[in-house]
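S.K.: Show me how the following folds:
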Amino acid sequence: MTTTQPTESVKEGIDLEKFHEFVEHATANPDDVQMELGARAPYEGRLFHSLASVDEYTLGGEEIHRETREYTLPLGAWKEVEEAAGFIDPTDRMEPIEVALAALSGCLNVAVGVTALANEIELDDLETTVRLDFDPRVVLMIHDIDRSEEAFDDIRVEIEVSGENLSNEDADLLATGAKRSPVWSLMRYAHDMEPVVTVERTPEPAH
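M.R.: Predicted coordinates for the structure are as follows:
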């Protein structure tokens, strides 16, 4: 069984003793580390464009909301696609699928990094690349919703690491550890998700 017991005081920007204590506390008190996460995306009045945001979250039943944690993501499409589709003044923005892939690559780095730390594997460099093929015909109303599963091919994940004396066993251990990534689990396994549309009605003027 692996351990996060520290062998030095500070590594990769964290106090290892405090990190070990945090993991021990989470082990003994799982309710304290349960989280509710979310995001919202107001539509900007231009097809494809939304200004997504993440801010408050819940940790151990406590809602945490700080102004310094209000992040925004201007989402849209690719300039070449907008131009071909007839957009006026086409622009280039992060596309939501790409943002999801970016989140996956970053989260895989987290899981690999924690696995390396727990198993005392020294890494000099770590880079994760994820790619997939996308068929947009469902969202363009060309194909029906019942063909949504055909929109994507399998996600290809490549993790490159470097360091002295890394073995094939280390690589296998890190590959297994990558599957601890929460975003990997979010994308890999089925989760119930059903859109609910709420109609906000304008109040009628008083007579």
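
S.K.: Break this protein down into its domains, please.
M.R.: Residue ranges for the domains of the chain, per automatic domain parsing: 34-94, 95-189.

S.K.: for the lengthiest helix in the chain, which positions count as buried?
M.R.: Determined from DSSP state H, the single longest helix within the chain is helix 96-118. Buried residues in helix 96-118, defined by neighbour count with 16 or more other CB atoms under 10 Å: 96, 100-101, 103-105, 107-109, 111-118. Heads up, the C-betas are built off the backbone N, CA and C, glycines and all.

S.K.: and what of stretch 11-28?
M.R.: Neighbour count says stretch 11-28 has L16, F19, V23 buried, by 16+ other CB under 10 Å.

S.K.: all helices of this structure, in order?
M.R.: 16-28, 79-84, 96-118, 168-178, 182-188.

S.K.: now the ones you listed in a markdown table, with distance to T202 and mean pLDDT?
M.R.: A markdown table is the format used below for the helices of the chain (distance: least, CB to CB, whole Å; pLDDT from 0 to 100):
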| stretch | distance to T202 | mean pLDDT |
| --- | --- | --- |
| helix 16-28 | 47 | 95 |
| helix 79-84 | 32 | 97 |
| helix 96-118 | 29 | 97 |
| helix 168-178 | 50 | 98 |
| helix 182-188 | 37 | 97 |
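
S.K.: what's the neighbour count on A178?
M.R.: Applying other CB atoms under 10 Å, we find 19 residues neighbouring A178.

S.K.: mind checking how far it is from V161?
M.R.: From A178 over to V161 the distance is 11 Å, taken as CB to CB, to the nearest Å.
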